[in-house]
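> Got a predicted model here, sequence first, then my questions.
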Amino acid sequence: MVTLSMMHTDYTIPAGWAVMVCPPAVHLNPKRYEDPLVFNPSRWEESTANNASKHFMAFGGGMRFCVGTDFTKLQMAVVLHSLVTKYRWVEIKGGNIVRTPGLHFPNGYHVRLHKKIY
Ligand code: HEM
């Protein structure tokens, strides 16, 4: 909560306003992440940091840092890898993306998965 009106860059933050961090805006910062809108899991290959930083806060930070972080990353790697390599994806309908700045699919995004036959 801002107790006294203050200026930040060109913006005035009036007294009484709450200031919150917007993680999606942080995670889509092109100055920090190359082509942030591109699905590129390989971007994390060189990453050694496992904790929150001011540039990565998907799992919170500080003393409330998500205890499921490592489990979740492993699950996502296994499930996503399987979905992408073992199935063919066919779009059915939807797919409009709204960033507000959170990611929303207002009409849903329907796909049909076909198991690949080798
Ligand atoms: C994509 C998956 C996940 C995301 C994005 C996520 C995100 C978060 C975030 C942002 C917090 C911090 C909340 C706060 O600051 O109050 C949190 C806390 C927590 N998460 Fe997760 N989480 C995920 C998966 C999981 C899983 C799979 C588990 C358990 C197996 C888990 C267990 C917890 C617990 C217990 C806390 C509270 C930690 C504490 O307060 O000390 N999370 N998570």
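Thanks, I have it.
> Can you check the pLDDT for the closest residue to the ligand within the chain?
Scanning the chain for proximity to the ligand using C-beta to the nearest ligand atom identifies Gly68 as nearest, at 2.2 Å. Any C-beta I mention is one placed from the backbone N, CA and C, and that applies to glycine too. Per-residue confidence at Gly68 stands at 95 (pLDDT).
> and if you look at Val78?
93.
> how far does the helix or strand hosting it sit from the chain's center?
Per DSSP states H and E: Val78 is located in helix 69-86. Chain-centre distance of helix 69-86: 15 Å, with C-alpha atoms, centre = their mean, to the nearest Å.
> Which residues of this structure lie near the ligand?
Residues of the chain lying close to the ligand (C-beta under 6 Å from any ligand atom) are Ala58, Phe59, Gly60, Arg64, Cys66, Val67, Gly68, Phe71, Thr72.
> Strands of this protein, residue ranges please.
6-8, 11-13, 87-94, 98-99, 103-104, 109-115 (DSSP state E).
> Which residues does the last one contact?
Same thing as strand 109-115. Under the contact criterion C-beta atoms under 8 Å, 6 or more residues apart in numbering, strand 109-115 has outside partners Leu83, Lys86, Tyr87, Arg88, Trp89, Val90, Glu91, Ile92, Lys93, Gly94, Gly95.
> Check these for the minimum pLDDT and say which it is.
Note: of the contacts of strand 109-115, the lowest pLDDT belongs to Gly95, at 86.
> what about it, how many neighbours?
12 (other C-beta atoms under 10 Å).
> Cool, thanks, signing off.
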